[in-house]
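Peer 1: predicted model and sequence below, questions to follow.
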Amino acid sequence: ELGAGSAGLPSLTLASVSQSLGFSPRSIAATDAIDEVLQMLQKNVSGNNVCVNVQNINWNSVPSSMVQSADCILFADCIYTEQGGLALCHAIHKILRAEGTIIGVLPDFRVGVTLFEAEMRKKGFSPTEIPIPSLPPATTNKNKRQFRCAGGSSTNYRIIWWSAP
C-alpha cells in the first residue's frame with residue numbers, strides 16, 4: 001500500500017482477510033514517507049496482530065530494491081496536490097511488476113487527482129471503475145454496523161482498478 005498513513009486500512013484489511021481465509025500472500029507492505037506516521041502505523045499493525053511490513057518510501061525517490069517488486073499496489077485517498085499525484089504515478093510505474101494491478105480509491109473533489117489519472121493513462125495504464133454499491137441511509141440503532149468513509153460517506157469517491165500496460 002502506498003501512502004498508507006497511520007491507519008493502513010487497505011493493508012490491514014488485506015492481511016486480516018487473507019489470514020482468515022488461509023491465504024498467504026508473499027508479503028504485504030504498508031508504506032508512507034513520514035516517520036511519525038510510520039510509528040503510528042506500526043502500532044496499528046502490531047495491535048491488529050497481522051503480518052504487514054511497515055516501510056518508509058518516498059514516492060519521488062523509490063529505492064532500487066523496490067523497483068518492479070509488487071504484483072499489486074493499493075492506495076486510498078492519498079493525493080492532495082498535483083505534485084503528489086505525479087509522484088504517486090511515478091512510484092507506481094517504478095514499483096509495479098509487468099502485468100501487475102493497482103486498486104485505488106480516489107476522491108472526485110481533490111486537487112491532483114485529474115492530473116494523476118491523466119499521467120497513468122499516458123504511461124499505458126487502463127482504468128476500470130468498480131461500482132460502489134448504494135448503501136441504506138445511516139441508522140441510529142447502535143447495534144447495527146455502518147459503513148462510513150472520510151467525510152462521512154462514500155459519496156464522491158471512486159474505486160479504480162488499473163491494469164498495467
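Peer 2: Good, I have the coordinates.

Peer 1: so what does the helix or strand where Asp71 lies touch, helix or strand wise?
Peer 2: Using DSSP states H and E, Asp71 falls within strand 70-76. Packed against strand 70-76 by the contact rule (3 or more C-beta pairs under 8 Å, 6 or more residues apart in numbering; DSSP states H and E) you find helix 9-21, helix 82-95, strand 96-107. All C-beta atoms are positioned from the backbone trio N, CA, C, and that covers glycine.

Peer 1: other SSEs contacting the first one?
Peer 2: With contacts taken as 3+ C-beta pairs under 8 Å, 6+ apart, helix 9-21 sits against strand 29-32, helix 35-47, strand 70-76.

Peer 1: could you give the average pLDDT over the first one?
Peer 2: Meaning strand 29-32. Mean pLDDT, strand 29-32: 97.

Peer 1: next: stretch 104-118.
Peer 2: pLDDT averaged over stretch 104-118 gives 93.

Peer 1: what's that stretch in contact with?
Peer 2: When contacts are defined by C-beta atoms under 8 Å, 6 or more residues apart in numbering, stretch 104-118 is touched by residues 10, 74-77, 79-86, 88-89, 127, 150, 156-160, 162.
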